[in-house]
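# Have a look; sequence and predicted model below, questions after that.
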Amino acid sequence: MAFSHILGQEQAITVLQNALRHQRVPQAYIFAGPEGVGKKFTALMLAKALNCHELDDDACDRCNSCHKIDEGIHPDVRVIAPDGQFIKIDQIRALQKDAGYKPFEGRKKVYILDQAEAMRAESANSLLKTLEEPTTDCIIILVTANVYALLPTVMSRCQLVRFVILGIEPLTTLLVRQKQIDPERARLIASLAEGCPGRALAMDAEETLDKRNQVEHLLHRLSSGLQDVRVIFEQAEQLSAEKSTLQEYLDILLAWYRDMHLLREHGNTRLIANVDAVPRLKETAFQLPASHLRRLFEIVYQAKMDILRNANAQLALEVMLISLTEVYNDRNRWR
Ligand SMILES: [Zn+2]
């Protein structure tokens, strides 16, 4: 895919294309920005543009070189990722040895160090030697979500390119185009992924909607006052058993409460995540005073944070569900 397919990173792309057009691509880049915004994807795109047979400042996606890079079989383009927890010194040494040779079939050798912050000091110091010996044939791209974990000496040898969170609107457009899902669902996923394309593309629209329905069902029971404590504990147990998806459930719950709050306080549908559920959101939002709504949001947020900080998930969920019930019961008195 050409650079024009990367959405929301116009500034970064302009920097890269200018360097390509003026043949002033530095020997080393740092691509820094949050997880899942397209840093590694852009690094591969740059590798394609540097080696494309058809174009000088972009990838044609048709030539042999572009195809090989897409398939991960180009001999001059390497992605180096942590082996276990760290990028090991042996991996850097192998890179250095390889960089000593001329490109095998392309114009430039490109080394992409994914999660470059996983280099220990010894690996980073070793890499520094390569960065200090300018060559015209090889380019190193350090990809990181945590630029400040890199050694300052490494940072000073690289040109820093910043990547930003995409934003809900452009990500919705991207999802509609790439995954052929309808705009309302795409918007829900874009919101839950907080504007990160990597996260959004990994989410399954059907599964997410299914989880949203479960959350809605749970809230219906909590707010109707039908819930007894035994059921609450069962639910906490069920939810906490699925560690991998637990945060996703909590994010859905937070998005739901945030939407209720937005509708109630601002009457605004522009920022709503659950655009397909506006009538239901409105109906429930006005059954509660605004202060209660804020409290509900805070309770879920607190549980999310506690679990992220390794609190016992089941216990945190029990506390959350009981606290939510109390707010709803208080509402019943208020009504
Ligand atoms: Zn090409």
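Cool, the structure landed.
# Report the residue spans of this protein with pLDDT below the cut-off.
1, 226-227, 331-335 (pLDDT under 70).
# What are the boundaries of the strands in the stretch 151-300 of the chain?
With strands called from DSSP state E, counting those that start in this stretch, the stretch 151-300 of the chain shows them at 159-162.
# of all of it, which residue lies closest to the ion?
Residue nearest to the ion within the stretch 151-300 of the chain (Cβ to the ion): Q178, separated by 20.6 Å. Bear in mind the C-beta positions are built from the backbone N, C-alpha and C, glycine included.
# In contact with that residue: list those residues for me.
Applying Cβ atoms under 8 Å, 6 or more residues apart in numbering, one finds that Q178 lies in contact with L201.
# What's the nearest residue in the stretch 101-250 of the chain when you look at the ion?
Counting by Cβ to the ion, the stretch 101-250 of the chain gets nearest the ion through G106, at 10.6 Å.
# Select the longest strand from the protein.
Secondary structure of the chain per DSSP state E: the longest strand is strand 138-144.
# With just CA atoms, put it into CSV.
These are the backbone C-alpha positions of strand 138-144, laid out as CSV (Å, rounded to 0.1, in the frame of the first residue of the first chain):
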residue,chain,number,x,y,z
CYS,A,138,21.8,0.8,5.2
ILE,A,139,19.0,2.4,7.2
ILE,A,140,17.9,1.5,10.7
ILE,A,141,14.4,2.3,12.0
LEU,A,142,13.8,2.1,15.7
VAL,A,143,10.1,1.6,16.4
THR,A,144,9.0,2.4,19.9
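# what distance separates that strand from the centre of its chain?
Strand 138-144 has its C-alpha centroid displaced from the chain centroid by 20 Å (Cα atoms, centre = their mean, to the nearest Å).
# ok, now stretch 179-194?
Here the centre of stretch 179-194 is set off from its chain's centre by 14 Å, with Cα atoms, centre = their mean.
# Enumerate the positions of it that are buried.
Applying a neighbour-count criterion of 16 or more other Cβ atoms under 10 Å, one finds 181, 185-194 buried in stretch 179-194.
# As TSV, the residues you listed with distance to G72 would be great.
Listed next are those as TSV, based on distance: Cβ to Cβ, whole Å:
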residue	distance to G72
I181	27
R185	31
A186	28
R187	32
L188	32
I189	27
A190	28
S191	32
L192	29
A193	25
E194	28
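# re earlier: quick one: the residue of the stretch 151-300 of the chain closest to the ion from G195, how far?
15 Å (Cβ to Cβ, to the nearest Å).
# Double-check the residue of the stretch 101-250 of the chain closest to the ion against N51; I have them as touching.
Yes. G106 is in contact with N51 according to Cβ atoms under 8 Å; the separation is 3.8 Å.
# Quick check: neighbours shared by those two?
Shared contacts of G106 and N51, defined by Cβ under 8 Å, 6+ apart, are found at 65, 74, 76-77.
# Just give me the closest of those to R309.
Proximity of these to R309, judged by Cβ to Cβ, is greatest for V77, which lies at 39.3 Å.
# Thanks again, I'm all set now.
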